[in-house]
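Student: Pasting the sequence and the predicted coordinates here, then a few questions.
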Amino acid sequence: MDIKEQIDHNPIHSPCPDMAGCANPKSELTQNSLAIVRQLRQKFRFKTQSQRNQEKSQYKQYLATFRLGGAL
């Protein structure tokens, strides 16, 4: 049996019936939540995964260029 089929048929992976947001999601509430998360990220300077990966890549380039003689 494929793993995807196991996950789809396993009731533990289904949303609970009492989770109102899963039954009828409202796009305006979702957009509002995303905007709040964006504001909090800016306020507390939290970074997204892509921003962290970019910084990590830049740091590795810096090390390779200046400290390790140009080898990655």
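Tutor: Ah, there it is.

Student: from here on, contacts and neighbour counts on C-alpha atoms
Tutor: Noted.

Student: Look at the residue nearest to residue 41 when sequence neighbours are not counted and say how many residues are nearby.
Tutor: Among residues not flanking residue 41 along the chain, residue 47 sits closest, at 6.6 Å (CA to CA, 6 or more residues apart in numbering). Neighbours of residue 47 under the rule other CA atoms under 10 Å: 12.

Student: Likewise for residue 46?
Tutor: 14.

Student: which SS class is it?
Tutor: Following DSSP: H, G, I helix; E, B strand; the rest coil, the label given to residue 46 is coil.

Student: Model confidence for it, exactly?
Tutor: Per-residue pLDDT puts residue 46 at 84.

Student: so who does it touch?
Tutor: Residue 46 is in contact with residue 40, counting by CA atoms under 8 Å, 6 or more residues apart in numbering.

Student: what's the spacing between residue 28 and residue 54?
Tutor: Using CA to CA, to the nearest Å, residue 28 is found at 31 Å from residue 54.

Student: meant to ask about residue 16
Tutor: On the measure of CA to CA, residue 16 and residue 54 end up 37 Å apart.

Student: Same question for residue 24.
Tutor: Taking CA to CA, one finds residue 24 at 37 Å from residue 54.
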